[in-house]
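**Student:** Predicted model and sequence follow; I will ask about them next.
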Amino acid sequence: MGLAAGAGDEVLLELRAREAFSKRDYQTAGQLAKVCAEQAAAGGDQGTWWHMTFLEAECYRDMGQQQDCIAVTKRLRVHSLTAESSELMCRVLTLQSVSLQGLGELDAALADAEAAVHIGTDNRLRTEIRIEAQTALVATLAERGDNDEAWDQCRVLIKLLEASTDAQAAGKGYWAVGNVAFLRQESGHGVHYHQLAAERLSPSNDLALWAWFNRASAAMRLAAGIADAETEDCMDRAELAASIIGVTDDIRRSNNMNRAHWHFQRGEIDEAAQLLVPICEESPSMAHQTAGEANLLLSKTLRVKGDCSAALRHLKESRAYFDQSGAKDRAAQVAAEIARFPQAS
């Protein structure tokens, strides 16, 4: 990155940044994008500054550094170029919504997603931009437990997906639709839309996204009580991909939670508990929604083992984390379980 400033150098830096991003070397891509943006700003090239700063934010998102991503999107949001362009504003709001969702800040994520979708009602915007915004809205509503409203928005999303020529964007969209169907306990529709997503997402195009999809699809299938060979295949694919691209703490926890859920559904309670206990010990450093799910599953596991005192404690922790995430329906469901719990008093 020891290049002198200049138009030619900015082009080279931008190409190198985008190449690194395409190879999923997000740290290098982010560093290059930041240097390129700084040089562009010094030269008065606001367009290059904007696109390289946005790329830097995307790198933070894909590295799981959501706070850093939001810090950058906030700068982009108030920039004059963003204010002048519906498309740029829609992209910024969508990216910010996704990062806020990753942090479990669901009320703020919903506000940004709704704003992005409102902007996206302008039919002059590219279909892929509108799909990304609509997908973010569906995902946030589902995470909050607003499943009926999420399904209403899925109907809008499906129409956009049917008109899309971008396989990856369509794959993400069908993935979100399938998630909502699973959450509505419509497992047949959930499997159908996840199959449509699987047909469009390719490991050769984006291995990290493919791994994420398989990991998430396994989680949804397990939550629906589907512990079949296809579910195990999803877990195997996610773990194989993780061994290639590297394992972050979030990925490790997600893969282990799936395995724990798998063991639980097969009646292998000790194996499930061995995986869940260390995960729940990390609850303060996890997204609130994830911590809620982990503590809920551990509570069920401990209750089967006969440790009702610990089970109730983790059930209460689960409710607290769901409350913090804004997932009001999930929090209410757990509260109802607490009220019925033998030692609740």
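**Tutor:** Cool, got the structure.
**Student:** ok, which stretches of this protein are strands?
**Tutor:** Assigned strands in the chain: none (criterion: DSSP state E).
**Student:** So for it, which residue is the most central one in space?
**Tutor:** The centroid of the chain falls nearest to Gly102 when counting by CA atoms, centre = their mean (5.8 Å).
**Student:** Excluding sequence neighbours, find me the nearest residue to it.
**Tutor:** Nearest in space to Gly102, with sequence neighbours left out and distances taken as CB to CB, 6 or more residues apart in numbering, is Gln66 at 4.5 Å. In short, each C-beta sits where N, CA and C put it, glycine included.
**Student:** surely the residue nearest to the centre of the chain meets Asp62?
**Tutor:** No. Taking contacts as CB atoms under 8 Å, Gly102 lies outside contact range of Asp62: 10.6 Å.
**Student:** overlap in contacts of the two?
**Tutor:** Counting by CB atoms under 8 Å, 6 or more residues apart in numbering, Gly102 and Asp62 have no shared contacts at all.
**Student:** what's the distance between the residue nearest to Gly102 and Met286?
**Tutor:** Plainly put, Gln66 is 12 Å away from Met286 if you go by CB to CB, to the nearest Å.
**Student:** Provide a list of residues in contact with the nearest residue to Trp151 once chain neighbours are set aside.
**Tutor:** Nearest-residue entry for Trp151: Val180, 5.5 Å, with adjacent residues in sequence omitted and distances by CB to CB, 6+ apart. Shown in contact with Val180 (CB under 8 Å, 6+ apart): 138, 141-142, 147, 150-151, 154.
**Student:** Distance to Leu88, pLDDT and neighbour count added to those, as CSV?
**Tutor:** Rendered in CSV, the data for these read as follows (distance: CB to CB, whole Å; pLDDT from 0 to 100; neighbours: other CB atoms under 10 Å):
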residue, distance to Leu88, pLDDT, neighbour count
Val138, 22, 97, 26
Leu141, 24, 95, 26
Ala142, 27, 91, 25
Asn147, 32, 93, 20
Ala150, 27, 97, 25
Trp151, 30, 97, 19
Cys154, 26, 98, 29
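**Student:** and which of these is nearest Ser80?
**Tutor:** For Ser80, the nearest member of the contacts of Val180 is Val138. The distance, counting by CB to CB, is 30.9 Å.
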